[in-house]
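[1] Sequence and computational prediction follow.
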Amino acid sequence: MDTDTDVTVVGAGPTGLVAAGELARRGHRVTVLDSAPAPFPGPRGNGIQPRTLEVLDPLGVTDRLVALGTFRLPFRQYAIDGTVRERDRHPGLEPTPGQPFARPLIIPQWRTTQVLRERLAEFGVTVDQNARVVAVEQDQEGVTAVLDDRRRLRSRYLVGADGGSSTVRNALGVGFLGETHDEVRMLLAEVELDGLDRDHWHTFDLVGAGGAGFLSLCPMPASPTWALGLRSPDPDIRADEATLHTVVDGIRPRVRLRRIGWSSTWRLNVRMADRFRVDRVFLAGDAAHVHSPAGGQGLNTGIQDAINLGWKLAAVFDGAEDALLDTYEAERKPVAAAILGLSTELSRRVLGSGAGGYADRPAALARQGLQLDISYRTDPGASGLRPGDRAPDAPLGDTTLFLLRRQADWTVLAFDGITEPVDGAQVLDADALDVDGHLRRTYEPIPGERILIRPDGHLGWRGTGAVPATGTPSALGHAAHRGCGDHY
Ligand SMILES: Cc1cc2nc3c(=O)[nH]c(=O)nc-3n(C[C@H](O)[C@H](O)[C@H](O)COP(=O)(O)OP(=O)(O)OC[C@H]3O[C@@H](n4cnc5c(N)ncnc54)[C@H](O)[C@@H]3O)c2cc1C
């Protein structure tokens, strides 16, 4: 088929950049279009969850992100009565051999997208800015993105990663149901200030006419800026400089705002698309689901959509059947729905209750927010690690399973010497590598078992029979006949 590119990615936010990176690093042609003149500079998703760091590792960006962010930033909470409390954000959470990242990484979203753009450029792909898609047309052979300057770009598939007000989603006529709560609002701004140390995330309880509220000031690592979040006790807050100065002037210890950069008022908006795939077009990230920012889930869910979709599209270009692409919606839609529920609950607790703010997240919800328990299981009741579950890391002599997984999309852990080759996968002699028995204790193989790990770091299959062909729905634990829209 004669196309301009293999995949058109509409939108160069974190979702689109990761989708493009996953295709480009596997040698496929990808074009990234973004309507904005330049990357978005303001504070948005400033936390990368541990699971997101894991799934980004094979793309080659995790080490760079970790070097530019911080895991350690305890809360310092200033109560109305003048008392000051310090609190670990995630008490007791430390890396383990199976889980190298225990806590969210704090890093501004603009930095995350900068790192992703730099990585993409290393594969020869740059973002086409000022490129607004106004329509999408598709037929059996391919899909055409129509731009506002009348350019037409033809590709085999298109990824709509163009954010909450997605043009691609609207062009497909896909519903976006949910709720907007105008009354739950927060003012967000990027500021520079004097008066606070940069070793804490400071939160100030506030009281006013409308009850309780809070001001959150989080220093952004490797940058002079702070992310300001204001849940005002005054219901009529406006996102202007005068409002910010008034609130900040009233807090103790005394803080001086030196510069106010980008700012906006955020309203609680929770929605999900009816479909994540319409033939050759896929929706991912905020185009498919919008969240409350309270739980730090939006950016993470989008990136994990992109990881799930990216390797599947690449596999189809390399000969896998199209049915593999149906597993994208089947796997990601239930995850997105569950995360929307979680982030709404976090929002209710964090924003609804007023005082305490981010510092008062319940521990159980905080654990869920790390996204380490996300699973694509098709047999929810079974015990032990099952197909669909996250494949944990393990020390293997002087290396680790995660480091070895960088070498290939598919990995087979072969126990008890059953190390015969598997087409399209690297086969690891588990017993030879597992010098301290960690792998065996974690994966609990039965005699002669082999375990197939997918490109996105989830278990695909385990058993003593023939390993399913990589790139087929059966290699993901999906029955081959099931299609888009089925419920698993
Ligand atoms: C104010 C605010 C605060 C937030 N705070 C948090 C937080 O604390 N934690 C968290 O995890 N998440 C937060 N989020 C959510 C997080 O920023 C998003 O989930 C994340 O940006 C989603 O990434 P995305 O790539 O899917 O979409 P976006 O980042 O929205 O990127 C979409 C891109 O598409 C481009 N585009 C749009 N229309 C077109 C078109 N027609 N043609 C071409 N390009 C187009 C846009 O220019 C943009 O670059 C916040 C969001 C907002 C708005």
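    Good, I have the coordinates.

[2] going forward, measure contacts between C-alpha atoms and count neighbours the same way
    Will do.

[3] Which neighbouring elements make contact with the helix or strand hosting F204?
    Taking DSSP states H and E as the definition, F204 sits inside strand 201-208. Applying 3 or more CA pairs under 8 Å, 6 or more residues apart in numbering; DSSP states H and E, one finds that strand 201-208 contacts strand 75-78, strand 211-219.

[4] I'd like the ones you listed as CSV, with mean neighbour count and distance to the ligand appended.
    Below are those laid out as CSV (neighbours: other CA atoms under 10 Å; distance: least, CA to the nearest ligand atom, whole Å):
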stretch, mean neighbour count, distance to the ligand
strand 75-78, 23, 16
strand 211-219, 24, 11
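
[5] for E331, what are its contacts?
    Taking CA atoms under 8 Å, 6 or more residues apart in numbering, we find E331 in contact with Y376.

[6] Backbone dihedrals for it, please?
    Taking degrees, to the nearest 10, you get phi -90, psi -40 for the backbone angles of E331.

[7] picking up where we left off before, worst average pLDDT in the helices and strands packed on strand 201-208?
    Mean pLDDT is lowest for strand 211-219 out of those, coming in at a mean of 92.

[8] how distant is that strand from the center of its chain?
    Mean-position distance between strand 211-219 and its chain equals 25 Å (CA atoms, centre = their mean, to the nearest Å).

[9] ditto for stretch 63-79
    18 Å.

[10] Same question for stretch 95-115.
    11 Å.

[11] for stretch 441-456, same thing?
    26 Å.

[12] outside of it, which residues touch it?
    Taking CA under 8 Å, 6+ apart as the rule, stretch 441-456 contacts 55, 307-308, 311, 384-385, 391-392, 408-418, 459-464, 467, 475-476.

[13] Ends of it, what's the gap?
    Counting by CA to CA, to the nearest Å, you get 22 Å between the two ends of stretch 441-456.

[14] And stretch 452-465, by the same measure?
    Where stretch 452-465 begins and where it ends lie 12 Å apart, using CA to CA.

[15] For that stretch, buried residues please.
    Neighbour-count burial for stretch 452-465, with 16 or more other CA atoms under 10 Å as criterion, is recorded at L452, I453, R454, P455, D456, G457, H458, L459, G460, W461, R462.

[16] Next: stretch 254-269.
    Going by 16+ other CA under 10 Å, stretch 254-269 has these buried residues: I260, S263, S264, W266, R267, L268, N269.

[17] Now do the strand holding F204 against strand 211-219, angle only.
    160 degrees (axes from the mean of the first three to the mean of the last three CA atoms, to 10 degrees).

[18] CA atoms of strand 201-208 as PDB?
    In PDB, the C-alpha atoms belonging to strand 201-208 read as follows (Å, rounded to 0.1, in the frame of the first residue of the first chain):
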ATOM      1  CA  TRP A 201       6.300  19.700  49.200                       C
ATOM      2  CA  HIS A 202       4.500  22.400  51.300                       C
ATOM      3  CA  THR A 203       0.800  22.400  51.900                       C
ATOM      4  CA  PHE A 204      -1.100  25.100  53.800                       C
ATOM      5  CA  ASP A 205      -4.500  24.600  55.200                       C
ATOM      6  CA  LEU A 206      -6.800  27.600  54.500                       C
ATOM      7  CA  VAL A 207     -10.200  28.700  55.800                       C
ATOM      8  CA  GLY A 208     -12.600  31.200  54.300                       C
END
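
[19] which residues are contacting that strand?
    Under CA under 8 Å, 6+ apart, the answer for strand 201-208 is 73-80, 212-219, 232-234, 251, 355-359.

[20] picking that back up, report the buried members of the contacts of stretch 441-456.
    55, 307-308, 311, 385, 391-392, 409-415, 418, 459-462, 467, 475-476.

[21] Filter those residues down to the ones in strands?
    Per DSSP state E, strands hold the following members of the buried ones among the contacts of stretch 441-456: W410, T411, V412, L413, A414, L459, G460, W461, R462.

[22] Show me which residues of stretch 331-346 are buried.
    E331, R332, K333, V335, A336, I339, L340, L342, S343, T344, E345, L346.

[23] List just the nearest of those to the ligand.
    S343 (9.6 Å; CA to the nearest ligand atom).

[24] The residue lying closest to that closest one once chain neighbours are set aside: neighbouring residues, count only.
    Of all residues not flanking S343 in the chain, G295 sits nearest, at 5.0 Å (CA to CA, 6 or more residues apart in numbering). By the measure other CA atoms under 10 Å, the count of residues near G295 is 25.

[25] how long is stretch 396-406 from one end to the other?
    End to end - CA to CA - stretch 396-406 spans 14 Å.

[26] Centre of the chain to that stretch, how far?
    Averaging C-alpha positions (CA atoms, centre = their mean) puts stretch 396-406 23 Å from its chain's average.

[27] Fine, thanks again, bye for now.
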